[in-house]
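S.K.: Sequence first, then the predicted structure:
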Amino acid sequence: MSESNEPEILFGIYCPPHPQPLLSPNANEGYARLRAAYDECRKRIEENEVDIILVYSTTWPSIIGHQIQALEKAVWTHVDDDFHYLGSMPYEFWMDTEFAHTMRDNCEKRGLEARTVEYEGFPIDTGAVVALQLLNPDNRIPACIISSNMYANRAETIVLGKAARDTLVEQGKKAVVVVVSSLSNRMFTEHIDPVEDRIHSQKDDDWNRKILEFFGDGRLEDLSQLSRDIHGQIRVQKVVAYKPAWWMAATMGQHNNYEGEVLAYEALHGSGGAVITLTPSSVSVGDKEFDEDDVEVYRGDRNVLDKGMLE
Amino acid sequence: MAKGQIVAGCLAPHPPHLVYADNPPQNEAYSEGGWETLRWGYQRLARKLKNIDYDAIVIFTPHWQTYIGTHFLGLPEFSSKSVDPVFPNLFRYNYDLKVDVELSEAMRDAASDQGIITKMMRNPDFRVDYGTITSCHLLNPEWDKPIVTISSNRNTHYYSPEVMVEQATALGHACAKAIEDSGKRVVLVASHSLSHRHFVEEAPLPEDMSREHIYNHSQYVWDMKIIEMMRDGKSREVIDIMPEFTEQTIAETEGGGLIWMLGAMGFPDFPAEIYGYQSVIGTGNVIACWDPNDETREYVL
Ligand SMILES: [Fe+2]
């Protein structure tokens, strides 16, 4: 049990879900730079004493609450729905089952529906497979993967991050926090020659670069507060909200005191792929005043029709 | 060679709960039953298909989601275990299926000729999605016919429900042309629910039918409207209203399956056979069949 209420998070990594850096890193110079950035992150993980790699993957949607991968040894060969022609992704991942189970309990304590999944052959998603293969190829460090509920919005996602924080504190584990997500996520809808890959539009590129400035300055909480704008501007409306910055801030700490480093930013079939690290520090660019509530416990959807009705 | 033809078009929802409830030997999970209205409806439709002479099932699934064009299964056999990423507690199904690659390639070529972006899927490690497995298991538990799976290109999210109508209709026309030229008799399957808001909590015993109901009444009213139009032979009107239906009920029609199928069948004006309607974890599901043969078309329910 840790003495303090602060979890020991060595650093956070924000990285893209697409398989090119794993399967075809030499198909274009940008993919190679993304791969080199992953390799740099892997080295930094190896140089630290890390107890757990905690992954939140936007390419693992869930419906029944929040799912937590808990199969001690997950072995399969994954193939991506779109990029199957780039090859198969055999994997063998070791999960921290103790963390997974406590994480579930802590989700429930904070009002969230959550469950562990422990099934042979469970389809671990492309994003988590790519991240874990590149960041932890020898399974030196046990991992935990957390799903992204397709209906969850801000309150639920913030509380999910806090449950992860509770669990890290409770188990006194030193963590690297990994968020798998694109920046702009619009891809080209036709097959392209990889050497001609570029960000889908100038507007997406402009927004991505602005977000990277924030990351570079370590302004994680500011990004969390900007999530709804980011969603409206550069995210295809597949889910209700852009959630990764909410979860990352709630897990790592809701402030701007980070050293940010953008290791690579490149196009992945038109989407914005960046490998970024955030390291907790005492330097802050200052917090702005925020207008959305912080949430400690999830109390379900607020049904506006039930409120303020005339009797 | 005789002209090929579409001998039936089935709207076949794929909640894995229905396979779970059936306890087939292929599925690892065990249940005490549940969702009989849909399962018995499926059994009746499966018996009807047994009496139809056909060569292959072509199925359009929203759980093979592709952003870069429409993809087609392109290897003769797939054998693996399908584990549902959302309901792994219910569905861990060992499958071994055959694909009509010739027909798959013909449809791909026809679609490509029409300017639709396409891709053949030829990676032997690829796992066939659980929508395909569930609908095909329930329509043909013997698995004695080859299938072709067509992926769902994400037009609704990338552009709009209206664009999906245009694209899926064009794909339907191209597939129909390829089927006609193939000389084969084919059953089309659109694998999806209607209204599609799920409960985010599950009963301790998922098959506890005392807990099952539609997510809200608005979803139900919309579903009934669509089913009524199907019964009345107004398939063109079903497609015309579909963008609004999809948005209002976050319907699984967003994947394009029903549009593709009715487009391929030339928007039939004969009544659809209705085999059952029931909610599964809050979503609305109807089993329906469009039988172009006046002699065998029935008034089922
Ligand atoms: Fe589905």
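M.R.: Sure, I can see it.
S.K.: Determine the number of other residues adjacent to residue B:57.
M.R.: 26 (other CB atoms under 10 Å in any protein chain shown). To be clear about C-beta, it is placed using only N, CA and C from the backbone, and glycine gets the same treatment.
S.K.: Same question for residue A:281.
M.R.: Residue A:281: 11 neighbours (other CB under 10 Å).
S.K.: what sits against it?
M.R.: With contact set as CB atoms under 8 Å, 6 or more residues apart in numbering or on different chains, residue A:281 has these partners: A:218, A:257-259.
S.K.: Doesn't residue B:277 lie inside a strand?
M.R.: Yes: assessed with DSSP: H, G, I helix; E, B strand; the rest coil, residue B:277 lies in a strand.
S.K.: returning to that earlier point: out of the contacts of residue A:281, list just those in strands.
M.R.: Those of these mapping onto strands are A:258-259, per DSSP state E.
S.K.: what would the contacts of residue A:281 look like in TSV with distance to chain B, neighbour count and pLDDT?
M.R.: Below are these laid out as TSV (distance: CB to the nearest CB, whole Å; neighbours: other CB atoms under 10 Å in any protein chain shown; pLDDT from 0 to 100):
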residue	distance to chain B	neighbour count	pLDDT
A:218	32	23	94
A:257	34	20	92
A:258	32	25	95
A:259	35	15	95
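S.K.: Where does residue B:148 sit, in terms of helix or strand?
M.R.: According to DSSP states H and E, residue B:148 maps onto strand B:147-153.
S.K.: mind checking which helix or strand of chain B has the lowest mean pLDDT?
M.R.: When the helices and strands of chain B are scored by mean pLDDT, DSSP states H and E, helix B:155-158 comes last with a mean of 89.
S.K.: list the helices and strands the strand holding residue B:148 packs on?
M.R.: Using 3 or more CB pairs under 8 Å, 6 or more residues apart in numbering or on different chains; DSSP states H and E, the elements in contact with strand B:147-153 are strand B:56-66, strand B:70-73, helix B:101-113, helix B:130-139, helix B:161-182.
S.K.: And the contacts of residue A:281, which two are furthest apart?
M.R.: Farthest pair in the contacts of residue A:281 (CB to CB) is A:257 and A:259. Separation: 8.9 Å.
S.K.: re earlier: out of the helices and strands packed on strand B:147-153, flag the one nearest chain A.
M.R.: Nearest of the helices and strands packed on strand B:147-153 to chain A, taken as CB to the nearest CB: strand B:56-66 at 5.1 Å.
S.K.: does chain A sit close to that closest one?
M.R.: Yes: using CB under 8 Å from any CB of the partner chain, strand B:56-66 reaches chain A at B:64-66.
S.K.: Which one (most neighbours) among those residues?
M.R.: Of these, with other CB under 10 Å as the count, residue B:64 tops at 28 neighbours.
S.K.: My read is that that one contacts residue B:131, right?
M.R.: Yes: if you go by CB atoms under 8 Å, residue B:64 and residue B:131 touch, sitting 7.4 Å apart.
S.K.: that older thread, tabulate the residues of strand B:56-66 next to chain A (a markdown table), appending distance to residue A:72.
M.R.: Shown next, in a markdown table, are those (distance: CB to CB, whole Å):
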| residue | distance to residue A:72 |
| --- | --- |
| B:64 | 29 |
| B:65 | 30 |
| B:66 | 33 |
